[in-house]
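1. no sequence for this one, just the structure:
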């Protein structure tokens, strides 16, 4: 033993002490700052089972630096609020718009108002656009009709036939003298090579990347992405939903990797909320402030839907969409209908859905039978028993993969936008959704859900519990990584 210590220099002890101190420091940080107990246990275990390496991995992947980055980068860039309109709808007037059948949703209006920090606006019209076959021509037609401004934000913007069609339309708008701004997430821009950014710059379209990173630092921002999908033309016509700009969304053209999805055309005062979200992100990325009537013109009522925009992200907007959803599930009296591509609910959402089902609310969840991310689907399956046990229903839709994100409560309240029901969307990414109070609109979204459910296959608790041990073990192991997915 003495010979062993004689062969060790003082630097060996210094190195061991430094490694131990690093592991202690990162473990303490995880215990104090991680919100999810499972994530905390996983990280602390990894740190001590993989000394130094685990700590380094935690410092790169586990620390949420986005709050500090947001404060530093925004600086004096306060959140912009569009000029007020006369379309503001007070909480006590919601029943006047929707009738007594929806009076029980007034507390939800109050809750979302406090969360979102934006007023509920009357006089909106929303139109569902199914797949890229309907959405892309409508969006390109709107760009071609632009006279003053075009703002476009997308998570994925591929350099494929559909992406190039958008690029050409944006170039035409620039040549007409239209003010054009395009914001693409840095990670989403890399789904195709070469990137669409090169194509846009070649066409002289002003474009910026959301949170660009050097090669070695990209893992640190793997989840902190802008998942928002927003197009606003002349400040008057908007498009939002869950659809990326990818040729796979154009099912009629039989692409090699087809994806079903739903997008929405938006008109009325709530378009200003889409524009507010875009101009704040643009200012964050470029320091350019977009103001004035070209971007924020006066908006008049064009329909009868009440609507409000909700921004969500891992900065000061954290948990807005999660709390909105849980509030809506708690307010439901008759039905909750959900379509989502990724279903990885946390304990609070599971509790809200189960409590609703136990109160007699019909809870129906539509999920893709085949996911584009097998590991995520394995983890999702490990969650299903938790909601099936208390009376929620899960149905699986047939291929192609359905990327739609739709929620309807009591055939009166709808929730549409970019957010999935998974930790990445609800905690780690920047999202944008719209709440819509309108029985007419809820009926149209409900019809889409009906069409999906008609050809879907219901999953039973017996089926989930009856899977073989290897499958249940695989899914259970995948579920352990839920906080990271």
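-> It's in. Computed from a predicted model, the values in this text were never measured in an experiment. Numbering: from 1, shown residues only.
2. How many residues are close by residue 476?
-> Neighbour count for residue 476, taken as other Cβ atoms under 10 Å: 13. Just so you know, the C-beta spots here come from the backbone N, C-alpha and C atoms, and that holds for glycine as well.
3. Likewise for residue 147?
-> Neighbours around residue 147, by other Cβ under 10 Å: 12.
4. Kindly report the same for residue 366.
-> Residue 366 has 22 nearby residues by other Cβ under 10 Å.
5. repeat for residue 360
-> If we define neighbours as other Cβ under 10 Å, then residue 360 has 10 of them.
6. Let me know the pLDDT of it.
-> Listed pLDDT for residue 360 reads 97.
7. residue closest to the middle of the chain?
-> Geometric centre of the chain, nearest residue: residue 419, 2.6 Å, by Cα atoms, centre = their mean.
8. what's near enough to touch residue 83?
-> Going by Cβ atoms under 8 Å, 6 or more residues apart in numbering, residue 83 touches 296, 298.
9. So it, which state does it fall into?
-> Three-state call for residue 83 (DSSP: H, G, I helix; E, B strand; the rest coil): coil.
10. pLDDT wise, what is it at?
-> Confidence score, pLDDT, at residue 83: 77.
11. what does the one 5 residues further on give?
-> Residue 88 carries a pLDDT score of 79 in this model.
12. burial count for it?
-> By other Cβ under 10 Å, 12 other residues sit near residue 88.
13. got the contact list for it?
-> By Cβ under 8 Å, 6+ apart, the neighbours of residue 88 are 119-122.
14. Return the subset of the residues you listed lying in helices.
-> Taking DSSP state H, every one of the contacts of residue 88 sits outside helices.
15. helices and strands around the helix or strand where residue 173 lies, which ones?
-> Assigned by DSSP states H and E, residue 173 falls within helix 161-175. Under the contact definition 3 or more Cβ pairs under 8 Å, 6 or more residues apart in numbering; DSSP states H and E, helix 161-175 sits against helix 131-144, strand 149-154, strand 179-185, helix 196-202.
16. could you redo the ones you listed as TSV and give each row mean pLDDT, distance to residue 379 and mean neighbour count?
-> Below are those laid out as TSV (pLDDT from 0 to 100; distance: least, Cβ to Cβ, whole Å; neighbours: other Cβ atoms under 10 Å):
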stretch	mean pLDDT	distance to residue 379	mean neighbour count
helix 131-144	98	27	19
strand 149-154	98	26	26
strand 179-185	97	23	23
helix 196-202	95	31	18
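17. need the ones you listed in CSV with distance to residue 37, can you?
-> Listed next are the helices and strands packed on helix 161-175 as CSV, based on distance: least, Cβ to Cβ, whole Å:
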stretch, distance to residue 37
helix 131-144, 40
strand 149-154, 34
strand 179-185, 30
helix 196-202, 40
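18. Mind checking these for the one nearest to residue 375?
-> strand 179-185 (21.4 Å; Cβ to Cβ).
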